[in-house]
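Visitor: Here is the input, now give the coordinates:
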Amino acid sequence: MTISLELIHSAATGAVQDAPPLLFVHGAYSSASCWQQHFMPWFAARGYDCSALSLEGHGRSDGHDYLDAISIDDYCRNLRQTITRFERPPVVIAHSMGGFVLQQYLEQYPLPGVVLLASVPPAGLASSSLRLMTQTPTLFMQLNRFQQGNYQPELNELRHLLFSDDADLAAVDWVAHHSQTESQRAIMDMSLVSPFMQRIIAPLPNLVLGGAEDQLIAIEDVHATAWRMGSQAEILPRTGHMMMLDNRWQDCACRILDWLRQTSFPPA
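Guide: Now for the predicted structure:
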């Protein structure tokens with residue numbers, strides 16, 4: 001079934017690159033707008049055609065009235081529906097839950113290349129939840145209340161949860177005012193992942209990045225994602241979970257740009 005999905009577009013404004021377009025996919029509680037703050041104009045100015053997808057039930061996409069019934073498989077179908085609209089297959093850059101969706105997508109379909117930022121690892125959220133519950137139980141409780149939509153942390157708490165400790169509070173405030181509830185079914189899908197259900201991902205150019213100050217996706221989780229992708233994880237210093245919005249977002253963008261320029265993609 002085809003549904004209406006928000007797809008924000010920023011055409012290349014710099015010298016146009018002979019490279020695939022870029023498609024950005026957000027994480028949980030977010031939408032395509034998180035990429036508009038820095039990444040989309042920054043990459044467009046460097047010659048890359050940029051689009052950002054709001055998954056079903058997010059942003060201005062259909063599905064808000066049945067959000068809790070939407071599954072990770074539904075998000076994969078959203079991604080497939082969007083990618084088939086491109087004349088040239090895009091490089092997909094996905095964050096957090098979006099990275100988990102992208103891994104499931106790659107079990108079925110090829111892409112010219114992918115970038116995973118603070119991605120939920122192949123085994124899902126179980127290890128992350130256990131680590132938070134045992135090491136930082138207060139943070140774990142706050143996160144669960146935030147997920148259920150009945151808790152709005154004050155800015156310093158939200159900064160500790162999602163950003164580096166020196167992040168600009170204006171960026172934290174932006175996230176506070178542009179967050180939404182997430183599908184409980186999708187969260188459950190990422191929490192109960194059977195290792196026997198994981199299928200092989202065909203080799204493809206990829207870059208896996210994590211943040212040294214990420215409270216949600218641990219460094220070992222980033223390495224687990226890279227292992228599945230057949231690559232080496234890179235951990236960016238002084239960077240929290242919201243890598244595209246944190247103070248050192250440009251360090252992240254520059255690393256992606258270097259990788260794009262060094263990678264040989266199939267011709268158009």
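Visitor: contacts, neighbours, all on C-alpha from now
Guide: Fine.
Visitor: For this protein, which segments count as strands?
Guide: 7-10, 22-25, 50-53, 91-95, 114-117, 206-211, 234-236 (DSSP state E).
Visitor: Let's have the ones you listed in CSV, adding mean neighbour count, distance to I200 and mean pLDDT.
Guide: Conversion of the strands of the chain to CSV gives the following (neighbours: other C-alpha atoms under 10 Å; distance: least, C-alpha to C-alpha, whole Å; pLDDT from 0 to 100):
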stretch, mean neighbour count, distance to I200, mean pLDDT
strand 7-10, 17, 29, 98
strand 22-25, 25, 22, 98
strand 50-53, 25, 25, 98
strand 91-95, 25, 18, 98
strand 114-117, 26, 16, 98
strand 206-211, 25, 15, 98
strand 234-236, 19, 22, 98
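Visitor: so which of those strands comes closest to L125?
Guide: Nearest to L125 among the strands of the chain is strand 91-95 (14.3 Å), distances taken as C-alpha to C-alpha.
Visitor: Just the buried positions in stretch 215-222, please.
Guide: Q215, L216, I217, A218, I219, D221, V222 (16 or more other C-alpha atoms under 10 Å).
Visitor: and what of stretch 37-49?
Guide: F39, M40, P41, W42, F43, A44, A45, G47, Y48, D49.
Visitor: How about stretch 63-76?
Guide: Applying 16+ other C-alpha under 10 Å to stretch 63-76 flags G63, H64, L67, D68, I70, S71, I72, Y75, C76 as buried.
Visitor: Distance of the second one relative to Y75?
Guide: The one in question is H64. To Y75, H64 is 13 Å away according to C-alpha to C-alpha, to the nearest Å.
Visitor: what about the helices in the stretch 101-250 of the chain?
Guide: Using DSSP state H, counting those that start in this stretch, the helices of the stretch 101-250 of the chain run over 126-135, 137-147, 155-162, 169-177, 184-191, 219-229, 249-262.
Visitor: Report the mean confidence score over the second one.
Guide: Here helix 137-147 scores 61 as its mean pLDDT.
Visitor: cool, the fourth one as well?
Guide: Over the span of helix 169-177, the pLDDT mean works out to 93.
Visitor: The longest one now?
Guide: Taken as a whole, helix 249-262 carries a mean pLDDT of 98.
Visitor: what angle sits between it and strand 206-211?
Guide: 170 degrees (axes from the mean of the first three to the mean of the last three C-alpha atoms, to 10 degrees).
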